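**Q** here you go, sequence then predicted model.
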Protein chains: 4
Amino acid sequence: MIGIDDEEFIRGEVPITKQEIRVLTLAKARINFDSVVVDVGAGTGSITIEAARLAPNGKIFSVERKPEAIELIKRNVEKFSVDNVEIICAEAPDGLKNLPELDAVIIGGSGGRLEKILDILYTKLKIGGRLVLNAITIQTAATALGYFRTHGINFDAVQIQITRLKKVRAHDMNQALNPVWIITAEKV
Amino acid sequence: MIGIDDEEFIRGEVPITKQEIRVLTLAKARINFDSVVVDVGAGTGSITIEAARLAPNGKIFSVERKPEAIELIKRNVEKFSVDNVEIICAEAPDGLKNLPELDAVIIGGSGGRLEKILDILYTKLKIGGRLVLNAITIQTAATALGYFRTHGINFDAVQIQITRLKKVRAHDMNQALNPVWIITAEKV
Amino acid sequence: MIGIDDEEFIRGEVPITKQEIRVLTLAKARINFDSVVVDVGAGTGSITIEAARLAPNGKIFSVERKPEAIELIKRNVEKFSVDNVEIICAEAPDGLKNLPELDAVIIGGSGGRLEKILDILYTKLKIGGRLVLNAITIQTAATALGYFRTHGINFDAVQIQITRLKKVRAHDMNQALNPVWIITAEKV
Amino acid sequence: MIGIDDEEFIRGEVPITKQEIRVLTLAKARINFDSVVVDVGAGTGSITIEAARLAPNGKIFSVERKPEAIELIKRNVEKFSVDNVEIICAEAPDGLKNLPELDAVIIGGSGGRLEKILDILYTKLKIGGRLVLNAITIQTAATALGYFRTHGINFDAVQIQITRLKKVRAHDMNQALNPVWIITAEKV
């Protein structure tokens, strides 16, 4: 199963990848029961946790630079009782060089060093593996698209706009979430 | 000119019709220099003010039930120096029966009595006049669409989703506004 | 795994539930390895096929009225080698009464008889089961929301707008898919 | 008045700026009764025509490279009886250097030479004038945003997603138009 409700995660002030975006990101990453995955910019760990449950025989490397987020990831790992997560407290691309070969790469945040991160992680990606990137700014999206184009890497991209319907008495009111680009590259 | 920036209005806590929605609503209402217009659920008066400037030889009836909003409308009328606005403090459909024939009807809020409001205002609409309704809940939109269909009234409808790009250092971040339906009926 | 590419399905002229909508629908239905599921208005069978793979020890009843769609479902069942699908050629609510208890109900199309379909299928839904409905018209969405509200059934709803980025030489061009409401009810 | 229906323009095969995008573009350009405006990549001339009606004492330079589009602009100028349009058949930035000082610049298409076009037209823009650009690819949007940022030019940007409701018997079906970025710069 996939698609844990946002409220079930221990969250604090750290932004969370919303359920719908998380589900689509994981689907596009094609995570298998034995996938080795890195989640860069893991935030609360919501993608890490769901990936860990999709890959019980695999392993998830959860990379995050902020100590308060690291704390949340730890608590969510505990809450959801997953035992295949390794948390790496580092600012990517630091901390990525020692990773093993990867089946899937998920990049939720890049702290402005996206190209260096892509250089390292695309190298570590196995043939047939997938790299999925979430972007909330046009510059991050354009940088990723430019990178894949320049390097002749296969990709596709979608922008997802979710509007939740919020109950207000007998009415359901449009409540928009911020659109996110999901960009997927495949190593062929 | 049309499309006053949101920040230029005196606003308080009352929700404002965002510039883009306001501009499209006014365009679809086809307000002319001598149009007689009613703005129901006027809120801060942003639509009232822009309509007043588009119809310098016309008249705008601005209907609003909340005293604090009435106060804002008055202050915005003063700030933008328009002299063709009549403010009516009433909960529609109350206060609508004494209106003259209308060239355009704009309904921003209906307080759940939409059908009665439509009954009265469609009757007052001149042949060739336009009624434009903004809906932020699916029930209001469906009620309006059902009303126009049942009464054999010509209409068209769009849903508008605006995402503003918010500057965050060197990036422009997606920041969604809630989608709004704009439903336009014409009396033929 | 979840999220078969649209192009992998045998399609003909029958509309397909796009990958992203399909993935989110299946996630919200919380299909388990042994779930018993009905897919009403199955179309090409894309949801049926993915549900069948998520529930290898379960069973999927795939209900569709159009003979040409039935043919496509059969061919997709064969192509994807799933053996836990039972195809029912009927116009719902016909064909639903003999279904067993269900873990999940997915309604992609209702042919205007939504309330009768909901009456039957909600009864057959197990406690804790989920009913997920896709709507592409405001009337279908409003009818479903009204039904759940009237019957005191727990629900939540989102509207999903996907924009695919289409490659045009060195550019990626916005290409919108039609927004879909995904409405999820849970039997508690 | 602003907001001519798309169907009223003579169109052929040339893409038209849809009514809602056109209205917002013109509003953000703040066209006045005596504005001097250039419309680059004029296509069918729909923006040119509406600008010409908003600026009866001004002048609109309508720049377009495709002969078949030029023909459509001419026919639309005639149909809407505007007499303040000068059509320039050229591939921008060619044909822009002889323009006078401008109150408003509208760029609907740039044929990949956006930065050179911006160099020339921003120079010609009067203090207080507005430049409004429509982008349908992320690269064009990112290039424009980068240009304004690098040159220290004030800007704001929105993405607009319109969904038209198409009547299908008793239902109104979501029918998405492709999202467009509208980027507005002001010379201060």
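**A** Perfect, I can see it now. Numbering: from 1, shown residues only, chains lettered A, B, ... in the order given.
**Q** can stretch A:118-138 be said to contact chain C?
**A** No: applying CB under 8 Å from any CB of the partner chain, one finds stretch A:118-138 separated from chain C by no less than 10.6 Å. Bear in mind the C-beta positions are built from the backbone N, C-alpha and C, glycine included.
**Q** likewise stretch A:145-154?
**A** Yes: Stretch A:145-154 is in contact with chain C by CB under 8 Å from any CB, via A:145, A:149.
**Q** which residues sit against that stretch?
**A** With contacts defined as CB atoms under 8 Å, 6 or more residues apart in numbering or on different chains, stretch A:145-154 is touched by A:114-115, A:118, A:122, A:155, A:157, A:183, A:185-188, C:165, C:170, C:172, D:138-139.
**Q** most neighbours among the residues you listed, which one?
**A** In terms of neighbours by other CB atoms under 10 Å in any protein chain shown, these top out with C:D172 at 27 neighbours.
**Q** how about the helix or strand that contains A:I160 as CSV, C-alpha atoms only?
**A** Taking DSSP states H and E as the criterion, A:I160 maps to strand A:154-168. Below are the C-alpha coordinates for strand A:154-168, written out as CSV (Å, rounded to 0.1, in the frame of the first residue of the first chain):
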residue,chain,number,x,y,z
ASN,A,154,15.7,10.4,-21.3
PHE,A,155,13.1,12.3,-19.3
ASP,A,156,9.5,13.3,-18.9
ALA,A,157,8.0,15.9,-16.8
VAL,A,158,4.6,16.9,-15.4
GLN,A,159,3.3,19.7,-13.3
ILE,A,160,0.7,18.6,-10.7
GLN,A,161,-1.8,21.0,-9.2
ILE,A,162,-3.9,19.6,-6.4
THR,A,163,-6.9,21.4,-5.1
ARG,A,164,-8.3,20.0,-1.9
LEU,A,165,-12.0,20.4,-1.2
LYS,A,166,-12.4,21.7,2.3
LYS,A,167,-15.7,21.2,4.1
VAL,A,168,-17.3,24.4,5.2
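**Q** in it, what counts as buried?
**A** A:155-165 (16 or more other CB atoms under 10 Å in any protein chain shown).
**Q** from those, which two are the most distant?
**A** Pairwise distances across the buried residues of strand A:154-168 (CB to CB) peak at 32.3 Å, for the pair A:F155 and A:L165.
**Q** ok so, going back, could you list which of the buried residues of strand A:154-168 also contact chain C?
**A** Okay, of the buried residues of strand A:154-168 touching chain C (CB under 8 Å from any CB), that's A:156-165.
**Q** next up, the contacts around the most far-flung residue of chain A relative to its centre.
**A** Here chain A reaches farthest from its C-alpha mean at A:A170, the gap being 36.2 Å by CA atoms, centre = their mean. Shown in contact with A:A170 (CB under 8 Å, 6+ apart): B:139, C:149.
**Q** quick one, the strand holding A:I160 and strand B:154-168 angle?
**A** On the basis of axes from the mean of the first three to the mean of the last three CA atoms, to 10 degrees, strand A:154-168 is oriented at 110 degrees to strand B:154-168.
**Q** hang on, A:N76 in a helix?
**A** Yes: per DSSP: H, G, I helix; E, B strand; the rest coil, A:N76 lies within a helix segment.
**Q** buried ones in stretch A:44-57?
**A** Within stretch A:44-57, the residues that count as buried by 16+ other CB under 10 Å are A:44-55.
**Q** if we can go back for a sec, want to throw the buried residues of strand A:154-168 into CSV with pLDDT and distance to chain B?
**A** Shown next, in CSV, are the buried residues of strand A:154-168 (pLDDT from 0 to 100; distance: CB to the nearest CB, whole Å):
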residue, pLDDT, distance to chain B
A:F155, 98, 20
A:D156, 96, 19
A:A157, 98, 14
A:V158, 98, 14
A:Q159, 98, 9
A:I160, 98, 11
A:Q161, 98, 6
A:I162, 98, 9
A:T163, 98, 6
A:R164, 98, 10
A:L165, 98, 7
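**Q** show me where chain A has strands.
**A** According to DSSP state E, chain A carries its strands in the segments A:36-40, A:59-64, A:85-89, A:102-107, A:125-135, A:154-168, A:171-176, A:180-186.
**Q** nearest to C:S81 among those strands would be which one?
**A** strand A:125-135 (20.3 Å).
**Q** what angle sits between that closest one and strand A:154-168?
**A** 40 degrees.
**Q** touching chain B at all, strand A:125-135?
**A** No: residues of strand A:125-135 are not located near chain B by CB under 8 Å from any CB, the shortest gap being 8.9 Å.
**Q** give the other helices and strands that that strand contacts.
**A** helix A:19-29, strand A:102-107, helix A:114-124, helix A:138-150, strand A:180-186 (3 or more CB pairs under 8 Å, 6 or more residues apart in numbering or on different chains; DSSP states H and E).
**Q** and the fourth one, how far from the chain's centre?
**A** Counting by CA atoms, centre = their mean, to the nearest Å, helix A:138-150 is centred 17 Å from the centre of its parent chain.
**Q** now it: average pLDDT?
**A** What helix A:138-150 shows for mean pLDDT is 97.
**Q** tell me which of the helices and strands packed on strand A:125-135 lies nearest to D:Q19.
**A** It's helix A:138-150; of these, that one is closest to D:Q19 (CB to CB) at 25.2 Å.
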